[in-house]
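Colleague: dropping the sequence and predicted coords here.
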Amino acid sequence: MDIYIGCDDSGFEMKQEIIRYLSEHNYNYFDCGSGREPSRYPYYAAKVASAVSSGKVSRGILICGSGIGMSIAANKFRGARAAAISDSYSASPAGTTIQTCCASVGSCWANGLCSPSLRLG
């Protein structure tokens, strides 16, 4: 499974944790950005969602302060189907029942509380 991952500046640390997890479990991933420098979440949501929408990859991970902004921006792309998830309970139906392609996580409230192994489907 190929995964695109992107974040704004508020999600940088969480993105690094998730990248470590993906590497340790031999997932193919591409880091779309951003870093610690101030950035705009819609730009990175578009990079990930367009890759999913075009079929270039099957899954995307989006990280911003709340998870909501990235999911709204990503859902503007046909077929991206992004859901803001906060824990394994909300991640499970997102990945199975509604067939979400993009998981959007809020780093400000979830950092340290949720596992990078949240199910993507």
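Modeller: Happy to help now that I have it. Numbers count the residues shown, from 1 in each chain.

Colleague: please make it C-alpha for all contacts and neighbour counts, starting now.
Modeller: Fine.

Colleague: what residue lies at the spatial centre of the protein?
Modeller: Centroid-nearest residue in the chain: I61, 1.8 Å away (criterion: C-alpha atoms, centre = their mean).

Colleague: what about I63, which helix or strand?
Modeller: strand 59-64 (DSSP states H and E).

Colleague: what lines up beside that strand in the sheet?
Modeller: With DSSP bridges as the test, strand 59-64 is paired with strand 2-7 (parallel), strand 102-106 (parallel).

Colleague: I'd like those laid out as a markdown table, including mean neighbour count, mean pLDDT and distance to A73.
Modeller: Below are those laid out as a markdown table (neighbours: other C-alpha atoms under 10 Å; pLDDT from 0 to 100; distance: least, C-alpha to C-alpha, whole Å):
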| stretch | mean neighbour count | mean pLDDT | distance to A73 |
| --- | --- | --- | --- |
| strand 2-7 | 25 | 94 | 12 |
| strand 102-106 | 30 | 88 | 10 |
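
Colleague: dump the ones you listed into JSON lines; add distance to G65 as well.
Modeller: Compiled in JSON lines, the strands paired with strand 59-64 are given as follows (distance: least, C-alpha to C-alpha, whole Å):
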{"stretch": "strand 2-7", "distance to G65": "9"}
{"stretch": "strand 102-106", "distance to G65": "5"}
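
Colleague: which one of those lies nearest to S92?
Modeller: strand 102-106 (10.7 Å; C-alpha to C-alpha).

Colleague: for the chain, which element, helix or strand, carries the lowest mean pLDDT?
Modeller: Across the helices and strands of the chain, mean confidence by mean pLDDT, DSSP states H and E is lowest for helix 88-95: a mean of 67.

Colleague: you'd agree M70 is up against P42?
Modeller: Yes - between M70 and P42 there is a contact under C-alpha atoms under 8 Å: 6.5 Å.

Colleague: what about the two, which has more around it?
Modeller: Legend: neighbour count by other C-alpha atoms under 10 Å for M70 and P42, higher for M70 (34 against 17).

Colleague: report the secondary structure state of that one.
Modeller: Here M70 is helix, with the state taken from DSSP: H, G, I helix; E, B strand; the rest coil.
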